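Asker: Build me a model:
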Amino acid sequence: MRRVFGDGTSEYFLNKNACRLKDILNLFMDTGMGSDAYSVIELKMVESILSESKEERRRLIDEAAGVNKYKQQRNLSFRRLQSTDTDLLRINDILQEVEKNVDSLRRQLKRYNRYESVKQQLQEDEVSLAVWNIHQHLSEMEPLKNQTANFQHLYGEHSESLALAEHQAESMQSELTDLENKQQGQREIVRNQEIVVNDLERKLLVAGEKISAATAALDRLKLEDHSLQERQETTQNVLADLENEREHLLPQIDEKQTQNDKLKSAFDAAVNAYREAQTTFDGHNRQRVGLLNAVSELKHQQERYTQSIGQFEQNLKSLAEKQERLQGSEKNYQEDLFGASGEQSGAEQVYKELESRIASIESVFQETQTSLNEARETLAQQRGERVSVENQLAFYEELLETGEGYSSGVRSVLEAKEQLSGIIGTVADVMIVEDRYQSAIQTGLGSLAEVIVTQDRKSAEAAIAFLEREQKGAATFFPLKGSRKKVEKQSSPNGGKNIIGPAGEFVKTQPGYEVVIEVMLGDLFLVEDGFEPDWKNFSGRVITRAGKLIDYQGFIQGGQGRDEGNSIVGRRDRMEKLRKRHTQLVDTIESLSEKVEQFHNQLGQMERELRQFRSERQNQRQIMLEFDRRVSRAQYGISTTTADLKTLQLENEQNHARIGETTEKLTAVEPEIKAKQKELTRLDESASRIEAEMQNLLVQRDSASEKLQTSRIEVVNLENERQNLDTRLRGLAENSAEFAQRLIQIGADRKVNEETLQENRLIQSESEKSLGTARELLRREQENFVNADQVYQNRRLEYNELEHKLRAIRQEREQAGTSLKALELKLTEMKSAHQRVVDRIFEKYQIELPAQPEPVDIDPVEMKKRIDRSMKFIENLGPINMAVKDEFESEQARLNFLSEQQADLVEAKTSLLETISRLDRVARKQFRETFEQVRENFKATFQMLFDGGAADIRLENADDLLESDLVITATPKGKKTQNLKMLSAGEKALTAIALLFAIYQVKPSPFCILDEVDAPLDDHNVRKYTKILDHFATNTQFIVITHNKLTMEAARYLYGVTMEEEGVSKLVSVKFV
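Answerer: Have a look, this model is predicted:
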């Protein structure tokens, strides 16, 4: 069952249990059931089995052999293998890129560590220099504050003097403002009076202009009135003349119209007489055309008969030539058949040699591919190990650089090793211990592992003095030179039971340092983990493999062992071993990479050879197919040529018979042609007489038409003349009305202009009187303005002198203020510099400097040089990735993950290759067994259907069982042909049925549907068909769809579908007893 959801997804159930679509498909696979299974056979399938397309019969054999499931799984495995190869190539590329990133980040991490160390020293130096600068700023600011107080007092005195002078200036400023307002008021009065005078002058000017314009307009209207009266009189005279002319024209028009009507009646009578004659003439013509057509048809028949006789004679000649050509073609086909058969054998031999060569190269290709996969897997492992070794090297280098595991005093001495002479290193550094004993030796040494080895006592004393001076902790030293008590060799505890040996024997060192081992490990023995001391005879110390320490005083030290990575014993030795291993891995990886490249090149060469040989094989296959086609064409040509020769003989006989029939028809046509021609001569004479009468009537009709046309033209001319008179009369009447209307308008305009002239003359007189009065008033107001302006200017001079005094006082105060500001600015700058130092240190290092720091004894110049050196060193380091540690850990984790993924892909590819090989073996075996059974059954079934004959089915390429095409050969009884094209439709159908029943014998199906398979069979073959159905019906139920009566007679049950009612089907069944 399938459940479909709205989003397009589906769920599948089998027996109400949830399952996959794949499970259902696998259930029906290789069962012989399905839309394209061999249990449902139609006529098209029968034809396709024997067609040139060999996929159909291959599919049927695969279905019967049950290898479809294996082939599907094999194809799926190939797709997965291809995907795995693609993923492997992609992950190899990614691995190379990630390895480059890890290497780059490792180098960046080292730079970051150096940067942090220098940055710490830089911070200390900058803080010390900042404290010194703050103390200097505070010392310089004190005298500046005293000078600032003195200038503030002087600035206050100048400010008081300036305030008194400014009060006097304000009083005088108020008086000046009143005088200026009075001056401005008088100026406004003068300006207003000037506006009045200007308005009167402008009004007088406008009135004069209007008077001139009205006078000119009256003169123009007077002239236009006189002109219009004269034109009105002329128009009235012309109207009277045109009316008289129209009255004389109307009688002439009526007379011409009466004459035109008489001429039209005469013309109509002539036309009717001509039409009657034309009708009689047309009747004679129709009879004549009928006779001409009959004579023409008879002559055409005569010509056709003559041409047919000639064509038949030509056909006889052409048939003779064609027969000769066909006989030559038949001979050529025979020769081509013989030659193609011989060349076909040679082409098959070449094809087999190419098949053998391709199989050999494919075998070598598979072996090389396997070697390539193994080399890639080894390369991936070596790269993973190289990454691991590099990580360990970086880890140990970091431990050595940071001195992790040592006390602060030891680290300080090691860091200053270049400054202190005679420092060799720690005890842990000079010892070389086997890996299996490192934990035990580390525990046995304990704190002695941190003891610093020096050349002599003097070097040790110098190092101690350094630690005391710098206050950087304490350390223990071991001078190589100097008097010391010789270490006595201890006897083996417990009588040697569970004893491995003295610890010193398992530790190596460089020449000259043996005394370190003797002193540090002289009383220590290595023992097995099960060691139990005999306390009565026990002396010295023992250490077990697990790191449990027992001494003769009864103390026991043990517990969780130290992590090997953090163990300080053997660090340098482990680093040397890791470096050697890293060099070996780099050489091995380079060698493997070259080997992989060689394999790639070999595979590429073999792929090119395979493509070349496969191409040659395909070409050879085309050559073989061409030979098959040549043989088929020759055989087909021979059969068709024989049939064509028989057809030519039949056509030759038919042509002789047709010549006789056509000659008889030609003899009967000639009397009919002579009778028709005699009747045609009589009709021609009668038509000539009628045509002469028609010519006279046509002349009479044309003369009447010409007179009528002349009369019509005269009537039209008179009508046009009357219409022109009417148009002129209407135009003159309209002009007369327009003239009258314009005369009325001119009278109105003259009245308006006379009123305007009178009104403006009055305005001109009044404006001349007012203008004299206004000009006198303007003169008096201008005198008053000159007096007020003189008073204002005198007072303004006094105010300017006071302003000059104020500027002098302000200048003195500003000079004092400038000096005060300069001091305050300098003091502010020093405070700002002080605050910038404090802010910069806080912003850069988050350290708050004290407000009143104690003086520090430093050389600022030397300190700045040190700071510059540190900053230059940081600058030379270049950009520092501050997140490099997290990025390095992330990329390292990614590299480890990708290495694991690469190993998984290599393992998956190996598994897929094994799966494909296993599927090939199973499918080949199963197909080979099924194919041999189908082959034997096909031979037997074919002989059963054809009462003899021979048939076979074989693989075109026996070396490729799962992909090879199937070739069918069939030779029915009494025939020599083996090509399926030469079989008749019935023989092809029986051959296909034989193959289908051969498959059924190997893998029977519970039922089989045959859809009109018997359609191409004749009655004889239908009986064979029903006989074999009856033979196999014991194991299979056959459902046959047919229209053949013989097939129906052989059935046990008969079902028919009828449609008694339109659109309704009805099933009818019959059981035969």
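
Asker: State the pLDDT value of the closest residue to Cys19 other than its chain neighbours.
Answerer: Setting aside the residues directly before and after it, Cys19 is nearest to Tyr12 in space (CB to CB, 6 or more residues apart in numbering), at 5.4 Å. (C-beta placed from N, C-alpha, C; glycine too.) Looking at Tyr12, its pLDDT reads 83.

Asker: and what of the one 4 residues further on?
Answerer: On the pLDDT scale, Lys16 is placed at 76.

Asker: now the one 10 residues further on
Answerer: pLDDT, Asn26: 67.

Asker: Please apply the same query to Glu936.
Answerer: 90.

Asker: Arg701 too?
Answerer: 69.

Asker: Then Val487?
Answerer: Reading off the model, Val487 has pLDDT 55.

Asker: now do the one 10 residues further on
Answerer: For Lys497, the pLDDT comes out at 65.

Asker: who does the one helix or strand the residue nearest to Cys19 maps to pair up with?
Answerer: Tyr12 is located in strand 10-14, with elements delineated by DSSP states H and E. Within its sheet, strand 10-14 is paired with strand 2-4 (antiparallel), strand 17-19 (antiparallel), according to DSSP bridges.

Asker: Quick one: residues in contact with the first one.
Answerer: Okay, so that is strand 2-4. 10-13 (CB atoms under 8 Å, 6 or more residues apart in numbering).

Asker: who wins for most neighbours among the residues you listed?
Answerer: Counting neighbours by other CB atoms under 10 Å, Tyr12 comes out on top of the contacts of strand 2-4 with 15 neighbours.

Asker: pretty sure it contacts Ala18?
Answerer: Yes: Tyr12 lies in contact with Ala18 (CB atoms under 8 Å); the separation is 7.3 Å.

Asker: In the stretch 501-650 of the chain, what residue spans correspond to strands?
Answerer: Using DSSP state E, counting those that start in this stretch, the strands found in the stretch 501-650 of the chain span residues 507-508, 524-527, 541-544, 549-551, 556-557.

Asker: Could you list the paired strands of the third one along with their orientation?
Answerer: When you say that, I think you mean strand 541-544. Strand 541-544 has these strand partners (DSSP bridges): strand 524-527 (parallel), strand 549-551 (antiparallel).

Asker: Please work out which of these is packed deepest.
Answerer: strand 524-527 (a mean of 23; mean count of other CB atoms under 10 Å).

Asker: Tell me how many other residues crowd Phe312.
Answerer: 18.

Asker: List the residues that contact it.
Answerer: Contact partners of Phe312, counting by CB under 8 Å, 6+ apart, are 655-656, 658-659, 662.

Asker: The helix or strand encompassing Asn192: what's the following helix or strand?
Answerer: Asn192 belongs to helix 68-402 when assigned by DSSP H and E. On the C-terminal side of helix 68-402, the closest following helix or strand by DSSP H and E is helix 408-415.

Asker: looking at this, Val1070 is in a strand?
Answerer: Yes: counting by DSSP: H, G, I helix; E, B strand; the rest coil, Val1070 is located in a strand.

Asker: how much space between it and Glu929?
Answerer: Separation of Val1070 from Glu929 (CB to CB, to the nearest Å): 43 Å.

Asker: what do you get for Lys769?
Answerer: 148 Å.

Asker: so who does the spatially closest residue to Met871 that is not a sequence neighbour touch?
Answerer: Leaving out its chain neighbours, the residue that sits closest to Met871 by CB to CB, 6+ apart is Leu122, at 6.7 Å. Counting by CB under 8 Å, 6+ apart, Leu122 touches 867, 870-871, 874.

Asker: Most neighbours among those residues, which one is it?
Answerer: Most surrounded of the contacts of Leu122: other CB under 10 Å gives Ser870, at 19 neighbours.

Asker: which residues touch that residue?
Answerer: Ser870 neighbours (CB under 8 Å, 6+ apart): 118-119, 121-122, 125.

Asker: Let's have the residues you listed in TSV, adding pLDDT and distance to Leu666.
Answerer: Shown next, in TSV, are the contacts of Ser870 (pLDDT from 0 to 100; distance: CB to CB, whole Å):
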residue	pLDDT	distance to Leu666
Val118	80	130
Lys119	81	129
Gln121	81	136
Leu122	81	133
Asp125	82	139
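
Asker: quick one: which of the residues you listed is nearest Phe477?
Answerer: Nearest to Phe477, judged by CB to CB, of those is Gln121 at 26.4 Å.

Asker: Work out for me the element the nearest residue to that closest one once chain neighbours are set aside sits within.
Answerer: Nearest residue to Gln121, sequence neighbours excluded (CB to CB, 6+ apart): Ser870, at 6.0 Å. Here Ser870, judged by DSSP H and E, is contained in helix 860-877.

Asker: how far out from the middle of the chain is the following helix or strand past that helix?
Answerer: Downstream of helix 860-877, the next assigned helix or strand under DSSP H and E is helix 884-946. With CA atoms, centre = their mean, to the nearest Å as the basis, helix 884-946 stands 34 Å off its chain's centre.

Asker: and what of stretch 962-971?
Answerer: 47 Å.

Asker: Equivalent analysis for stretch 588-607, please.
Answerer: Taking CA atoms, centre = their mean, one finds the center of stretch 588-607 at 35 Å from the center of the full chain.

Asker: what's near enough to touch the closest residue in space to Gln892 that isn't next to it in sequence?
Answerer: Nearest residue to Gln892 in three dimensions, chain neighbours excluded: Val102, at 5.9 Å (CB to CB, 6+ apart). Val102 makes contact with 387, 390, 888, 891-892, 895 under the criterion CB under 8 Å, 6+ apart.

Asker: Go through those residues and say which is closest to Arg574.
Answerer: Using CB to CB, the contacts of Val102 come closest to Arg574 at Glu390, 13.9 Å.
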